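Visitor: I'd like to go over a predicted model; first the sequence, then the structure.
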Amino acid sequence: MNIKKAKKQIADTVRAYLEKDSYGRYVIPQHKQRPLFLMGPPGIGKTEIMAQTAAELGIGLLSYSMTHHTRQSALGLPIIKHKSFEGKEYDASEYTMSEIIAAIYDMMSLTGVKNGILFLDEINCVSETLTPIMLQFLQYKVFGGHKLPEGWVVVTAGNPPEYNSSVREFDIVTWDRLKRIDVDRKSVV
């Protein structure tokens, strides 16, 4: 697929995911939205497609390269909370807010824009410790105990294995959570 067609498909999907009914509810609830996965060689314009799409739709864009994230930045840092269970006192682990989710709230606060695209690049290069967390995020739009804000759509991207030795092949469970869009160099023009 060429860049122009890929951009149109992404824009159409984002519009559909942000559409609301007459009661102000999303027609496609966030938990039923399948994140897009844009696959193409480095330098083909995946990030630029996302920037143009967000600008044209008048929504925010927050972009992260997932190769630079760890389990802690995605989940948040562990903290100890004092709790009571069945009359007994305990210390239990909880997590601070995910760095990624917190950045979305910061952007909404700074810009006043409530809808946007969370663009997670190089998702097929995440570390083994981050893989189960990403799988949960793709399905439920949650990092740890913190949910992606309503009005935000997840789009991911990655490079084919021949361009990056860090690429991990997705299993069928991961592919089931994504809608793949392939862009190839021959069809760029």
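Guide: Arrived safely. Numbers count the residues shown, from 1 in each chain.
Visitor: pull the longest helix from this structure.
Guide: In the chain, ranked by residue count with DSSP state H as the criterion, the top helix is helix 3-18.
Visitor: from the contact counts, what lies against it?
Guide: Judged by 3 or more CB pairs under 8 Å, 6 or more residues apart in numbering; DSSP states H and E, helix 3-18 is in contact with strand 36-39, helix 46-57, strand 152-158, strand 179-182. All C-beta spots, glycine's among them, are computed from the backbone N, C-alpha and C.
Visitor: partners of the first one in the sheet?
Guide: The sheet places strand 36-39 alongside strand 152-158 (parallel), strand 179-182 (parallel), with pairing taken from DSSP bridges.
Visitor: report the buried residues of the helix or strand of the chain at the bottom of the mean pLDDT ranking.
Guide: Per-element confidence for the chain was summarised using mean pLDDT, DSSP states H and E. The lowest value among helices and strands belongs to helix 71-75, with a mean of 79. Of the residues in helix 71-75, those scored as buried under the neighbour-count criterion (16 or more other CB atoms under 10 Å) are 71, 73, 74, 75.
Visitor: surely the last one meets residue 142?
Guide: Translated: residue 75. No: between residue 75 and residue 142 there is no contact, the gap being 10.0 Å when judged by CB atoms under 8 Å.
Visitor: the spatially most central residue of the chain and residue 91, how far apart?
Guide: Ranked by distance to the mean C-alpha position of the chain (CA atoms, centre = their mean), the top residue is residue 154 at 3.8 Å. Distance, residue 154 to residue 91, using CB to CB, to the nearest Å: 34 Å.
Visitor: for stretch 51-62, buried residues please.
Guide: Neighbour counts using 16+ other CB under 10 Å place 52, 53, 54, 57, 59, 60, 61, 62 of stretch 51-62 among the buried residues.
Visitor: that's all I had, so thanks and see you.
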